[in-house]
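>>> Have a look at this prediction, sequence included:
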Amino acid sequence: MNIERQLKSSASQTSLPQQVREMAAFVAQRADFVQIREERIGAYTVGLLKRYPVITSLDAQNHFLSEASPVATAAFVLALDSINFGSGYFKIAKEAGVSLEYSFVAGSLRRAFSESRMNTAEKWLSATAGDMHDIFGVPQGRLRQLDRLMGLFADHLGTTGQYILESHDGDPLNLLEAAQNSAVRLAEIVSAWPTFHDVTRYKGVEVPFMKRAQILAADMHLAFEGKAPAAFTDIGELTSFADNMVPHVLRCDGILDYAPELLARIESGEMISPGSAEEAEIRACGIHTVELMKRAAQAEGSNVTAVNIDHILWNRGYEPEIYSKPSHQTMTVWY
């Protein structure tokens, strides 16, 4: 049996996060462009956990959170994570005088929800690129790349609306009910939707990352602070979320080493192609490193999850000494 058939056979018997975890390790062990400095992980993890708090909720400033309407809260999180991508467009947007950072996108969508403009599955299904330009303040027709991104936002929201209407009677709470108090199950449900199905091929083998499917489950858990209707009992099973921020922080902090030619390309602002070996290795090594950090934390008596560590690293990424350095940029719908 060749390696791909062996991996497929194993995947059929394991949960989605476990598949992500195992394949991230598979890539990390075979990486040509990215290496993990495992000898540094223990001390690094202990230091981070002393400096940064564990995140237990979403902030109400940038997120639509309604105690009176759980369905509205769930709808907001679902809509936000349907369009939680575009980091490869940030620099282009900034040069055009537009912000597309997460906090801005979340805050803009929050206002749209407050104004009942984009708050139901029916509205998502009929969303247009023009709606996205308006909601996120992106001038239409100025830059082809940004027009394309707004079109992708509309397409992804429309697909989410379609699945919620067809499979869950238009109610995001029915999606959560179908998950049966399981973050893993929620991630598995939405990962089957084409707009959440984040998989690439590396050295002839399919590698699942499922960043937005898993972050949806984590965000639902945070939005409801671990209570119903998102009282997930298995949040610790999720992996970290494979994007460009977490590996960037790990590289800047000396935990990941990039090959000189890859680092030069990143520092020069060159785009890293989606689905390339370099991109797969960056994302996979980020996930695998967080798994090693989780083990190191557990060895010290901490019960932090990969999600907790991911949030800490992501927030650290906005500190000036990290944020000022160039991270890898990829035009992709996965992050």
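That came through fine.

>>> P208 versus the nearest residue to W193 once chain neighbours are set aside, what's the distance?
Closest residue to W193 apart from its sequence neighbours, by C-beta to C-beta, 6 or more residues apart in numbering: Y163 at 5.5 Å. In this view, the C-beta of every residue, glycine as well, is placed from N, C-alpha and C. As judged by C-beta to C-beta, to the nearest Å, Y163 and P208 stand 19 Å apart.

>>> ok, now D198?
Applying C-beta to C-beta to D198 and P208 gives a distance of 7 Å.

>>> Between those two, which contacts overlap?
S191 (C-beta atoms under 8 Å, 6 or more residues apart in numbering).

>>> Could you pull up the mean pLDDT of the strand or helix carrying L250?
Secondary structure from DSSP states H and E places L250 in helix 245-252. Mean per-residue pLDDT for helix 245-252: 98.

>>> hang on, the residue nearest to W193 is in a strand, isn't it?
No - according to DSSP: H, G, I helix; E, B strand; the rest coil, Y163 belongs to no strand; its state is helix.

>>> For it, give me the pLDDT.
The model's pLDDT for Y163 equals 98.

>>> so how far is L100 from it?
In terms of C-beta to C-beta, Y163 sits 25 Å off from L100.

>>> Who are the contact partners of the closest residue to V333 other than its chain neighbours?
Closest residue to V333 apart from its sequence neighbours, by C-beta to C-beta, 6+ apart: F85 at 4.9 Å. By C-beta under 8 Å, 6+ apart, the contact set of F85 is L152, H156, R212, T332, V333, W334, Y335.

>>> which residues touch the second one?
Applying C-beta under 8 Å, 6+ apart, we find H156 in contact with S82, I83, F85, T195, V333.

>>> In the stretch 101-250 of the chain, what residue spans correspond to strands?
199-202, 205-208 (DSSP state E, counting those that start in this stretch).

>>> For those strands, state which one has the densest average packing.
Across the strands of the stretch 101-250 of the chain, averaging neighbours per residue (mean count of other C-beta atoms under 10 Å) puts strand 205-208 on top, at a mean of 19.

>>> Direction included, what does that strand pair up with?
strand 199-202 (antiparallel) (DSSP bridges).
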